[in-house]
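Trainee: This is the structure alone, sequence omitted:
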Ligand SMILES: [Mg+2]
């Protein structure tokens, strides 16, 4: 899908036939997890995929390959999925891709090293509301629970600036993600999965900054949708809110069921 006009509401009058024209059984269906399949909740451990979404996903998985590409680690994501997807890529693309095992070990070493450095860069007594989560191949520093989020974010950025070697940093919703240089992002992961699945097309839905790596691909065989409108997003299509995912999946299943 080419990026040549402002983002369109996927269920709006001008865009509503786009799914119909694009999707078929040669399509790989990839989804982000938090904020996309599952609503964002203040306690990430409590995140869950609503029953209607789960039901539609399992119908879809019976007709086409389904991939989950998430910022969570794979074991963590599996706890929140009630079905095993055909592909599960964790750590924003840096975990679980075939052919990347050896390099993943280097990412894990880098993350462990940053965690050690962060222990002294953000001392325990200044961590109120800040959680450093080592997810294996990457690190996420959460500050949703911080009393003053702006102040917490500034402190996190100052610490991240001093990390050696410097990580690729991607800011998310109340989270700063630290990603090893050279690790595949979600865009690279999706292209690899298409090859692996033998799919010439892909559909993708995501809601956050790391999903922009897919939106920016501007790939004519990838239809990507952002959950939630954002002016500076590269996504060509958007849904207004996370709750519309159930309708989206119903539409996809209706279209595939016919073809
Ligand atoms: Mg997300």
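Mentor: That came through, no problem. Computed from a predicted structure; not experimentally measured. Residues are numbered from 1 along each chain as shown.

Trainee: Got the phi and psi for the residue in the chain that the ion sits nearest to?
Mentor: Going by CB to the ion, the ion is nearest to residue 35 of the chain, at 3.6 Å. C-betas here are computed from N, CA, C, even on glycine. When read as degrees, to the nearest 10, the backbone of residue 35 gives phi 90, psi -10.

Trainee: And residue 29, by the same measure?
Mentor: According to degrees, to the nearest 10, residue 29 has phi -110, psi 110.

Trainee: can you give me the helices in this protein?
Mentor: 18-22, 51-61, 74-80, 101-121, 149-161, 186-197, 212-215, 245-258 (DSSP state H).

Trainee: most packed of the ones you listed?
Mentor: Neighbour counts (mean count of other CB atoms under 10 Å) averaged over each of the helices of the chain peak at helix 212-215, with a mean of 24.

Trainee: Need the residues that contact stretch 166-179.
Mentor: Residues from elsewhere that reach stretch 166-179, judged by CB atoms under 8 Å, 6 or more residues apart in numbering: 35, 40, 71, 91-92, 94, 110-111, 114, 138-144, 149, 153, 156-157, 160, 163, 180-181, 183, 185, 208-210.

Trainee: Swap in 7 Å and give it another go.
Mentor: Here stretch 166-179 makes contact (CB atoms under 7 Å, 6 or more residues apart in numbering) with 35, 40, 71, 92, 94, 114, 138-144, 149, 156-157, 160, 180-181, 208-210.

Trainee: ok, now stretch 242-257?
Mentor: Contacts of stretch 242-257 (CB under 7 Å, 6+ apart): 19-20, 23, 25, 35-37, 39, 50, 52-53, 56-57, 59-60, 63-64, 205, 227, 239.

Trainee: Ok, stretch 221-237 next?
Mentor: So stretch 221-237 is contacted by 1, 3, 7-8, 10, 15, 18, 22, 35-36, 190, 200-207, 212, 214-216, 238-242, 245 (CB under 7 Å, 6+ apart).

Trainee: Can you tell me which of these are buried?
Mentor: Buried subset of the contacts of stretch 221-237 (neighbour count, 16 or more other CB atoms under 10 Å): 1, 7-8, 10, 15, 18, 35-36, 190, 201-207, 212, 214-215, 238-239, 242, 245.

Trainee: need the contact list for residue 95.
Mentor: Per CB under 7 Å, 6+ apart, neighbours of residue 95: 73-74, 89, 104, 136-137.

Trainee: Mind doing that once more with 10 Å?
Mentor: 70, 72-75, 77, 88-89, 104, 107-108, 135-138, 183-184, 189 (CB atoms under 10 Å, 6 or more residues apart in numbering).

Trainee: Equivalent analysis for residue 194, please.
Mentor: Contacts for residue 194 were tallied using CB under 10 Å, 6+ apart; they are 26-28, 30, 65, 67, 200-202, 219, 221-222.

Trainee: Near residue 27, how many other residues are there?
Mentor: Using other CB atoms under 10 Å, residue 27 has 25 other residues around it.

Trainee: Please name the nearest non-neighbouring residue to it.
Mentor: Leaving aside its sequence neighbours, residue 27 sits nearest to residue 201 (CB to CB, 6 or more residues apart in numbering; 4.5 Å).
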